[in-house]
Each structure stands twice: as structure tokens, then as C-alpha cells.
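Participant: for reference, the sequence and a predicted model appear below.
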Amino acid sequence: MASTAVPQGSLRQRNTGSKKSPAAAPLEQEVSKVKSVQQKTKTSETEYRIGLVLITLFGFLTRFWGISHPNEVVFDEVHFGKFASYYLERTYFFDVHPPFGKLLFAFMGWLVGYDGHFHFENIGDSYIVNKVPYVAFRALPAILGALTVSVVYLIMWESGYTLPACIIAAGLVLLDNAHIGQTRLILLDATLVFCMACSLLFYIKFYKLRHEPFSRKWWKWLILTGFALSADISVKYVGTFAFITIGSAVIIDLWELLDVKRPGGALSLSQFSKHFGARAFGLIIMPFLFYLFWFQVHFAVLTRSGPGDDFMTPEFQETLSDNVMLANSLDIQYYDTLTIRHKETKAYLHSHPDRYPLRYDDGRVSSQGQQVTGYPYNDTNNYWQILPMDGDEALGRVVKNHDLVRLRHVVTDTVLLSHDVASPSYPTNQEFTTVAVADAIGKRAQDTLFEVRIEHGKKSQAFKSIASHFKLIHNPSKVAMWTHTKPLPEWAFKQQEINGNKQIAPSSNVWLVEDIPSVPQSDPRRQKPERQVKTLPFLRKWFELQRAMFYHNSKLTSSHPYASHPYQWPFLLRGVSFWTKNDTRQQIYFLGNPVGWWLASSLLAVFVGIIGADQISLRRGIDALDRRTRSRLYNSTGFFFLAWATHYFPFYLMGRQLFLHHYLPAHLASCLVAGSLIEFVFTAEPAEEGPSGGKTQSAGPKRYLSARERLAGQSTMGVWVACGVVLAVAVAGWYFFLPLTYGYPGLSVEQVLRRKWLGYDLHFAK
Amino acid sequence: MAPKKPVVASGADVGDGVRRRPVAAAQAVPVTAAPTAPTAPTEVDNKKQLAPKKSSVLNFLDAWEVVLAPLLLTALAIFTRLWKIGISNIVTWDEAHFGKFGSHYIKHEYYFDVHPPLGKMLVGLSGVLAGYNGSFEFKSGEKYPEDVDYTFMRAFNAGFGIACIPMAYFTARELKLSRPAVWLVTLMVLCENSYTTISRFILLDSMLLCGTVATVYCWAKFHNQRYNSFEPEWFLWLFMTGLSIGCVCSVKLVGLFVTALVGLYTVEDLWRKFGDTKMPVVTLGAHVVTRVVGLIVIPLLVYMLSFALHFAILDRTGPGDAQMSSLFQANLKGTSVGRDSPLEIAYGSRATIKNMGYGGGLLHSHVQTYPEGSHQQQVTCYHHKDSNNDWFFYPSRDDEAYDSEADPRFIADGTTIRLIHAQTGRNLHSHDIAAPMSKSDKEVSCYGNLTVGDAKDHWKVEVVRDAASRDRSRIRTLTTAFRLKHPVMGCYLRAGNKNLPQWGFKQIEVTCTKTNNPRDTYTHWNVEAHWNDKLPPSDPGVYKSPFFHDFIHLNVAMMTSNNALVPDPDKQDDLASKWWQWPILDVGLRMCSWDDSVVKYFLLGNPFVYWGSTAALGVFGLVAAWYILRWQRGFGDLNTTELDQIHYAGLYPVVGWFLHYLPFVVMARVTYVHHYYPALYFAILTFGFLADWFLRNRKRVVQYAAYGLLYTVIIGLYIYFIPICFGMTGPNKQYRYMKWFEKWRVTD
């Protein structure tokens, strides 16, 4: 790839003067500016420089325009905003993505002095009310998103494409609604795409220096490639695909170095192993160390216990300070009085003397037993005494995991029971009630037995307050005590229903003992020696976290209403609804620019067609392309195509839920293919006729000229026209879908319907 | 390596001279006498030199090796595969399935299974030959009754296992391995305990294995005819390859993997011919056409023929009816579908409603509720007959209520109705809640009762077509295809062959889809069974369903239920194993109960064959990498002949192994050890190739020692483990010596 990034010959300027054909694109202005400047300066790079400046400028404009809207939490900002807050509060959390991308957000928050008090709980929460510097957060991806456009431009430039080809590729990314939409919000993909683009650029730079191996610059770009790759994989694991892209190119490169008949003369094996070693160090070992480094930062920042504790082993949790587990957890002993709280809904297990009505509204009958409900406030009716199964009255015995226990409601002196009677709201679930103590150890003895099953608990592990998350399993019928937020009718004072869930597995069955009111504050059991925060070796912590991340990542298989399948992406069949606002009929619908998207995808097909046709005609002994054009087509465009393929096809093997934004890196590569292929079609011998027509065009030079000189022989007019047309349609598509990307203005029904091109499931269509 | 060649290329190197000949004189090797003929002259040369030293007996043996060796090995195979084959008189392992399916053929009862029919028809044939009347139920672990000649049925099946041995022998010869390597390959197939065991029962695996081996043999034969294109023999082996592909695919769809191997070979071959610019275009075209006919059309015809036979034999109603379309069922003997049921649907009719998509089932509901979404009663599609499939047609709530005394009112195109589930009395209902699997569709549930409910219980009947009449004022049993539109949300009732998880018992998800595609057959429904006392019975089942429709329908149904065979995390399956356990022989499989009174069979391979062949795959990779790297560094180690040998006798078996192994890595379904057996054959071929490659130019002594050692180890281990194949009688403790590892659960 990138064999020539040569100065423009003066010949090019001759052409530009003659073509003032007015193209419809708004960017034509820019183009003419480029030209006017170009005519003044004789140095050929200038027009590229101006193009870069303009493209970057437009990049920042499109990304930053109206970035403060909406001033609410949008889509996955729920996650990544929250994680930034956790970093700022230094509380430990768990996520399936590596830390680098999230650390960048935290860094941004730290720069503007934000303390992380807001936890981004729900989509639609207001940033204004909660005083969050969200524009600063969003500025980070927006900056990276804008720079991504420049990097695309640079890739094309470095690879030696003509100015219009550079503009086409960069323009397709610049005007793509999906890239814009994804980079204006607090999401990781902007960083990911930027790093991916950088790794391509740096590798091309590195490869261009192949004739001066081990020079200072050679090392610089090698190491930068490795760094970009490392940053890529440290944001999300899909960064691995960039490793595959670069890795494939490196393997081909090494293969050619190994060749004894290589043009530069055979390398000795020791020279070769130096090449091999340098690449292994720069592209594997060093990136891995950087990857580990971000984890070290992660652990160093998160020193306080937080919501991620539960995912880690107890040894790991002991390394975190002011951990509630260490501070307030007590071993529970028989005959202690407990308050038991539902983990999800925060309701206490509660009972009161009122009874279930005989008949419910739907005609079913109850046991008329004493009500057992969930109640959100502190109350002595929440007190339950834990009794052993055997009735042994010895005090001081610790309750263990899997013990069978009874729970006595202290105020009414009755014992918790479940039986095969349908619960008030769920005909399929069992009713919970209480019975008098005499019955509870008499004829209903079996029905009052419950098993304490500690989550992820070991056999005969002690049952602790706060620390032990547990399920209470009714022993004879094996249902789990469960509650939900739908309130019971007036007869139960709108409190929550407690019933027995036949599905034991769901995490909504989890309860915890919040306190032991029977143990006074002064009790020696509460007095615990201050425990030291322990340390663990870094590698052990990293290994544990890494395993947990992979494990939980593989569990992300549930279906999502806006999840899509990889085959839909190149055709842009479906987007994702990010945010809606009913009163103004505004919505953000994550969708690419269909025009640019389809153009890029169809050019991928054209590329495959050209390569296929070329291979077939070569096989039949017909050589339609000159050596340089073919080398360019295979090495440079082929490299972009490889990048596309390696960022796209692996998704077919993935079981987890996928979204359109997973295609963004591949889309960027497809834009590179589009730019280079358009140049190929309009400047080289027309390849689409090549296979059949044979070598009819006399324009193809027989001498090996540099690409620029060769192109100078022909008119680049065609590319410029194509560039104008492509930009014009791309701008039109971008403008048309702009309300869905920027979230304003709101659209009328008719306007929404006009944008449902492929039946996109937009909101407010009625 | 190459320069050494002439020095040691003496008698042992028979193959070399032969192989060079076709290269030099591509046109004229007479193939009629293959494989013996080309070998003979060279051997004769050798014999001339050696004649004084050899006795005439050895001479004779040497000359007739090609007949004697396969005969001897086949005789051994007959012994090992048939010895004491009937000592276990109970239904063992999957005999419970395949024996039962065989019985269905004998009784002509329609049944459904995930495998194509050829293998099971052969089991049925063996039953017929054994004089079995099909009345035995083949319950797992049950004793065979007196009148079932299970010994013969097993022996019939063992025949396929026996046939593998001579075919393996000739395949190795066709792959140009030297004589001791040919013996090695054959011995590894013969002395393979798992192959022995699996061949001794009424199972499909021996047939599958036989088909795979046969396909490779035909392919190798065909390959060796490559310089005799369009000669009769060339046509013969092309045709045979196609035929064996067709047969193996009709036994189990695993046959597609060996098909892929032949496909890859053909693509490479044609690509090579395509690059030969001297070849006339007509010849090239003829090559392509013959390949298409021989390797695509013929197998497809065989496959379809097996299904045609399947439909022709099974002409009575049986347990698999509900998998098929209503019209197909109506044409089975003894069915109640379309017989004596009223033709036109009226309010108050009780009916079952069938999805018309390929592989569609009956609309079904049961008391279990959705664990998510609305938590209302589940609605699914079910492939078995059951009273939970019955629905009442009721007028909508806006309409005049149903009066059982009044004259029947008929339902027309465009009528809005309610469907009431007969068992639970709830209404078919849909609402604005995402469906459990297809999140973009709406959930369909059963809700309310006769009085409780709302407009979301309404469904509008939209007739798509009617095979019997153009009159749209009636809905007719079997012949009317209609869609059910939910008027409130404007969506259509659909069942798209997506299996629910365990909570839905792996039945098919029913949803309400927003897309209005009148040609989506998964939204088409027809009435299958119909009861209404007030209407006169008639006979709507006079229409035939076309063969192609049935064929595709059955194949889609097979795929769907195959996809549902995923491991159930809630259910522990001791017998299932994972792909990574197979090549290292990590586990075996108990084929029956481990009670001391039963004859016990344990499915475990010959450890040397497994480990050796697995290692061979890795070694082959190293060998290939070695030569490629050396080539890039400018060393010309290999001549064309050697390159061809690596390519066809080494690389293709390795590719074959990957093709038979990798799909199981990706596959989500439950897998067992016997899924590895076809792959193992390719690993064995690789081992044979490597042994040949490393030893063919060594000194005779080395060769004798190495091959002798290999033979001894293989045969020794085979005999050591033979009780697991012949059946272990008595207490399992006495077989403790075979329990080398904890997971080889030969004893408790």
C-alpha cells in the first residue's frame, strides 16, 4: 500500500484551470478555494493541506453544532456517564468493556471539576436539574469524531490518492449521520473508531518507510501503530479486529521479506528475525503492556467499595476501602431479630394483623391468612426472629448457608408460611402468610420451613447481615420468596405483594438482611477491630477481572428491541432509537446517511467484482491492467477492503446482541474503498471494461511512472466531477436525515413518514 | 530429501515409479485394470532381482497381495463385527430410536425424525428380511421378544461397518501409499474399538461411516482417472462419487461435509482447467457440465428419491402427522383429518388451526404463562396432536352473541371473530408488548374468558386463497388459506419457526407481526380438524399436496427441530460430550445401564489410533509449514510428484478432517462422541500419509521395525480393549484394568 505520496506534478495545475464546470455540491466552494490557492502556490502539497484544514473545520462544525441538545440522558449515556461518575467518586464498578475509553471520560470530567454526584440512572433524566457538565463530556467524543474525519483524509493522502479521492472518502465519513450521531453523545465508539483509523494511518506511514528499516522514523511509526492498536483494544474488545487487519498485512509483509527473490535482495535469517522481533515487540508485546497499564490505572483510581463489588471474590473486595461489608456485616445467630429487605425494590418483609380477603376480584379464593407484604419504610412490623428447625434453644449458634429455618413475626407472634394457594395477584405463584406458633411447629411444621440459599455461597458459609445476598426457598414446594412493584389493592394498604416464585433462578428473588435490631449498638458483636485494607498483586486482580469480564460478556445474549443482525448493516436496513421527546415530537434515531452508506457498500461489491474479473481474465491469460494500477488496486484498495472485511465478518460468529454502531469501523473502511475505487474507475483504464475488452486503451503507459505522473497524462476531471456529485448527494442525504441525528427540529407525521425509507421504525409516525 | 531418493528407492518404493508415469505419459495409462495393473510391472521387476532369495510362496503372496490382503482383513472385520453380536438381548442405546423408525416403515405409519430417511428405510428393510412384523415398540433397555430377530437386524447393519475395511484398503492404495502404509491405514480402521462397537447395533452411524468411506474411495478413484477425461471409467467413477454422496446425505446430513470436500476438490480442479488456455472452451464447458450433473444433480436425485420412497411407504397416519401440511395428512390412510368433518366453518365450530409455512405446526396454548412480558398464558405452535390445539370460533364482542340453539352462522372473508382456547376458555389475544424472542413483533397470549376481555381479542379473517372454490363467503376446512389480522394493532398472526426456550418447552413462538406481506406463508393458516355437530360431514381432503411441497416442508421441519436440539442448561446430560473432548479421547460413553446383570457396551476408541491420528494432524501442519518456509527461502525440496502426493494424499484428508470437525465446534446442538467418527477416518488417513512420507525412503530395517511396532501397538491395544466392543458380562469391577482415566467410566 501507499507506495507513492508524491508531490503533485505541475501538470495537474494545467488541468484545474480548464475545469470550472459548476457542480451542484455546496462543497464545490471549498474545492474552488482549494484551486485558487493552489494556483498561487507552486508547491503541490498545499492544496492537500488546505483540504485538510477545511475538512477538519467541517468535521468540528458537524460534530459540535447543537451539541448541548438534548439536555437529557440519551441511550447508553446511562452506562458510560455513570461509569465516569464512578471513576470520579472512586467507587468500584464492573463493566464488560476495558477501562481506557471510560477513563478518558472521567479525565474530561475531572478537568472541568465535576465530582460525579449524578449517576445517569434513566434515559431522559435532565442534566440541567442535576447540574452535570454534560457538554464537556460530549465534547470529548465530538473532538475525536471530528479528528476521525481528518485521519481518513490523511490515510488517503498518505496512500497517494488524488485530492478529489481524499475528499470523497473523508466526505463520506464527514457527512455520515451515524458517525455524527454516535460521536455527539457520551459513548465509547468515537474513541474506538478514532483509534482504529489511527492504527491504519500509522501503519501506512510505517510501511512507506520500509526501505529504511530500523531508522528512527521507522521505529516511531511502528510504535505509534502499536499504541493506536492498544488504545483501540483498550476501549472495546472489538478492537481485536484492528489487530487482525494490521496483523494480516504484517504477515504478508514478513512473507515477502522472507522471499529470497525479493527485489531488494534476500535477507539473511538474522536480519529477518530482527524484522520479526521488532514487529512482535511493537505490535504485540508493547500494546499488551499498555493494555495492562490502563487496568492498573483503573485499580488505582477505584479504591472505594461500590456497585461492582458483587462481581468480585471476597479477597478482591478486601482490597477496597470503606466497604460496607467489612464495616457493618454481622454473623447472624439463631434467635436474632432481623429486618429483611428485597434487593431490587428495597421493600422490607412485613406483616400485620389484617388478613387476606376471602375472594379476590377475579373470583379466586384465598386462605384468609394473615397478610405478608412488602413495605418500604422502617417499622417494628418488619421484625422477624430467626428460629432453628430443630428447636434447640442454645444461643450463639451461627446460621449457615443452606440451613432450614423458620421466621417468627415478632409483633403478632406468628410464623411465616407458604402453601399451595394462589397469591393475590399471581395465580401461578404461591401465597405467603403466617400461622400461630403452635401450628407452625405442629401440623404445619413442614410448610413453615425455609432454606437460606446465599448467592454464590459456599457450603456452610456463615449467614451475614448486609453482606449475604440470599434467596429464601420454601423447603417443601421449592418456590422462592419474591416481590414486585405492582401494589396490592386497598385491603393491603397498597403495599407490595409477597409471593412464592416457581422460577428460582432470577435475580429478582434476592433479599438481604439489613440489620439485626435485637443486637444493641453497644453489643460486643458490633465492636469489630478496625480491619486493614489489604493488597493483592496486580496480575491477580487483573486476571480475576478479565475472567469476570469475558464471562459476563458472553452472557449478553438477550434480545433487544433495536438489536440488528450483521447482514442488515451494509444495506442500512435498520437503525436504533436513541431518544424521544413527546411534547416537541423530537427524536434521535441512530441511522447512517443512506445515500453515502449505499454508495460505499455498492462500491465494495464493485471492488469484489473487479478483483474477481481480473483474476478470471488473468487465469485466461488476458492482462487488462498495467502493473502499477494492479499493484495499487490489490495493495492499497485491497488493504482498505481487508480492513472492512476484518471489521465486519467476525460479527457473524458472535452470539451477543449486536447494534448498527458495531458497523462504524467497517463503514469507515468502506469509505476508504469508495474513495480509492472512484479514483481508479475515473482515472485508470476503465477497469469495468478491462476484463472483456482486453488491452485496448492506449493511454496506459508502458513505462513505470510514478502514479502522479501517470495520472497527469490523463484528466483528473472525471474524479473531480464524481467527487462533486458524491458530495452533493451526501450533503442532501445528510441534510434530509439531520433532524433524526441532531434531535431537532421535531417532525410532523408527514415528515416522519417521508423519512421511513426502508420502513425505519421511527417514532411519531402516527 | 529429494537427492537421496535414487539411492534407496528400491523395492519398497513401489509407488514412486508408478506415480511418475501418468505425469510423463498423461494420455495412455490403461485404467481398466486399476489398481492392480500399474503396480504389477514394477513389482515384477523387483521380483526378478529378488527371485533367488524368495521362496515361491512369498512370491505368490507378493503378487496376490492386492487380493489376499483385503480378503484377510475383511475376514477379520467380519469376525470382529459379528462375533457374539446377539449376546445382549436388550434394546441398546439409540436402537430405541432407529429400531422404532424401522418399525414405522414396516407398519407404513407416518412418523417424523430429524434425519433423512434412507438409513432408517434400510433398518426397516433389515426388519422385513428378518421377518419382523413391526409390532415391537423398541423401548430403551427392554428385552427383545422372541419373534424379533434382532441378531439378523444387527448383522445387517454390521455389514456396512465391515464394508468400510476393504474400502479403506483400496482408498489408501488409490492415494498412492506404500504397501505397509496401506496396511497401516486398514488396520487402524479395522482395529478401532469405537468403529467396531458402533457397527454392532441397529444404528445409522455405521451406514454414515460406510458412506463417507465410500465417497472418499470413489473420489480417489475419480482423481486417478484425471488424465482419462470422458473415458468410460472416468464417467463411472464420477457417477459413483455422485451416487455415494447422494446416499450418505440421505442417511445423515453429516454427509454434507464429505460433499463439501469433493466440492472443494472439484472447484480446484475446474479452476486449474480454467487456467489452461490451451483447453478448448467446449471441453472446459463439458467438464463443468459433467461435474454439475455428476456431483449435484445425481446426489439431489438420490436424496429426493429417498424422500419419494419415504412418502410412498408411509401411507398411513402415525405419530408424525402434525409435522406435515394439512393436505398431506388428509391423504394418509386412517387419518381423521379431512374425513367426516364439516366443510364450512361456522360460529361455535371447534377446530385445530395449522400454520401453512414450511415446517409449521398447530396453533396451541397451555396453562403455563410467559415468564416475561405480559405474564399471560402462552400461545405457541406445536407439532403433536393434543387437545390443547383446539379452538372455538366465536363471534366478536361487537357482534351478536353465539347462540348454540340457532342455525349456524358461517364465517366469511373479512369477518372479525374471536378464537377461544377450548381447554382453558381464554381468548387468543395480542397487545403492545414485545414478543419474547422476536422483539420487533408483538406478543400473542391467551387472556380473559367468555365475558372478560376487550377488542384486543378480535381477529379479522383475511382469505389468501382457496384451493376448492372462488367463493369467499365461507372458510373451508383444509383448502382455505387465511391470515388473521389483529384489527386494533393492524398486525398479523405469525409463527416463524423460532423455538422458545425451555420455559416454552422448545415449542414455536407465535407473534403478531407488523409487516403486511401477503406472500409470507408463515402468516397463512388453515383449518385442519373441524368438529361441529350441526353441520353435515363431508370429505374436503380430495386435494393432493404436490411432492415438491411435501419434500421442502419436511426438510424445513427437520432443520427446525434439529435447531431445537440444543443442550438444556437445566438438564444434566451425562452422555453428551463437547467437541474438544473427542480428539484427545477424553471420554467414553455408556451405551446401556451399568447393572451387573446386563451385557455392557462402552463406546471408546483405540487410544493409540485417537491420539496418534490427532497428533498426525499437528505434525502435518508442521511439515507443511516447514516446506512452505523452505520454499520461500529458495530451497527446492520437492518435485512435482512429491508435491502432488502431499496435496492429494495429505492435504485433502486434513481438509476433510476440518470439514467434519469444525461444524461441531460451532454447532449449538447436543453432541456425542460418535459425531467424531467420520472426522476420525480422515485423521487416520493423515496418519497413514505421514507414516508413508517419513518411512518410504528409509532403510528396510527401519521400515520393518517402525511398521512392526505400529501394527503391534494397534492390534495389542485393540485386543486389550476388545471386551468393551464384544460386550462385558458379569460384574463391571473385573474390567477395572481398562479404566485408565477417571472419565473412562468402564467401571463405577
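Facilitator: Perfect, I can see it now. Please read all numbers here as calculations on a predicted model, not as lab measurements. Numbers count the residues shown, from 1 in each chain, chains lettered A, B, ... in the order given.
Participant: can you list the residues of chain A near chain B?
Facilitator: Contacts of chain A with chain B, taken as CB under 8 Å from any CB of the partner chain, map to A:255, A:258-261, A:266, A:426, A:428, A:503, A:559-561, A:563, A:616, A:619-621, A:653, A:759, A:761. The C-beta positions use only the backbone N, C-alpha and C, and glycine is treated the same way.
Participant: how about the residues of the stretch 501-650 of chain B near chain A?
Facilitator: Contact residues (CB under 8 Å from any CB) of the stretch 501-650 of chain B with chain A: B:503, B:515, B:629, B:632-634.
Participant: report pLDDT for whichever residue of the stretch 1-150 of chain A sits closest to chain B.
Facilitator: Proximity of the stretch 1-150 of chain A to chain B (CB to the nearest CB) peaks at residue A:75, 16.3 Å away. On pLDDT, residue A:75 comes in at 86.
Participant: now do the domain split for chain A, please.
Facilitator: Under the assignment automatic domain parsing, the domains of chain A span A:41-192+A:576-754, A:328-520.
Participant: can you pull the contacts of the closest residue to residue B:659 other than its chain neighbours?
Facilitator: Of all residues not flanking residue B:659 in the chain, residue B:257 sits nearest, at 4.6 Å (CB to CB, 6 or more residues apart in numbering or on different chains). Residue B:257 is in contact with B:656, B:659-660, B:663, B:678, counting by CB atoms under 8 Å, 6 or more residues apart in numbering or on different chains.
Participant: quick check: of those residues, which lies closest to chain A?
Facilitator: residue B:663 (13.1 Å).
Participant: what helix or strand does the closest one sit in?
Facilitator: helix B:652-666 (DSSP states H and E).
Participant: continuing past that helix, what's the next helix or strand?
Facilitator: Heading C-terminal from helix B:652-666 (DSSP H and E), you reach helix B:677-695.
Participant: pLDDT of that next one, averaged?
Facilitator: 96.
Participant: do stretch A:316-335 as well
Facilitator: 75.
Participant: likewise stretch A:402-411?
Facilitator: Mean pLDDT, computed over stretch A:402-411, is 90.
Participant: how far does it sit from the chain's center?
Facilitator: Chain-centre distance of stretch A:402-411: 45 Å, with CA atoms, centre = their mean, to the nearest Å.
Participant: tell me who's in contact with residue A:203.
Facilitator: Applying CB under 8 Å, 6+ apart, the residues near residue A:203 are A:221, A:225, A:246, A:249.
Participant: any chance of the residues you listed in JSON lines, plus neighbour count?
Facilitator: Formatted as JSON lines, these follow (neighbours: other CB atoms under 10 Å in any protein chain shown):
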{"residue": "A:221", "neighbour count": "20"}
{"residue": "A:225", "neighbour count": "28"}
{"residue": "A:246", "neighbour count": "26"}
{"residue": "A:249", "neighbour count": "20"}
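Participant: which two among those residues are spaced furthest apart?
Facilitator: A:221 and A:249 (13.4 Å; CB to CB).
Participant: which element is the residue nearest to residue B:659 on?
Facilitator: Counting by DSSP H and E, residue B:257 is found in helix B:255-275.
Participant: follow-up on the earlier one: which of the contacts of residue A:203 sits closest to chain B?
Facilitator: Distances from chain B to the contacts of residue A:203, taken by CB to the nearest CB, are shortest for residue A:249, at 17.5 Å.
Participant: go ahead and confirm the closest one touches residue A:638.
Facilitator: No. Assessed by CB atoms under 8 Å, residue A:249 is found out of contact with residue A:638, at 9.7 Å.
Participant: so which of the contacts of residue A:203 sit within helices?
Facilitator: A:221, A:225, A:246, A:249 (DSSP state H).
Participant: what about the closest residue to the last one other than its chain neighbours, how many residues nearby?
Facilitator: The spatially closest residue to residue A:249, leaving aside those adjacent along the chain, is residue A:639, at 6.1 Å (CB to CB, 6+ apart). By the measure other CB atoms under 10 Å in any protein chain shown, the count of residues near residue A:639 is 27.
Participant: helix, strand or coil for residue A:639?
Facilitator: helix (DSSP: H, G, I helix; E, B strand; the rest coil).
Participant: next one: it relative to chain B, how far apart?
Facilitator: Separation of residue A:639 from chain B (CB to the nearest CB, to the nearest Å) stands at 21 Å.
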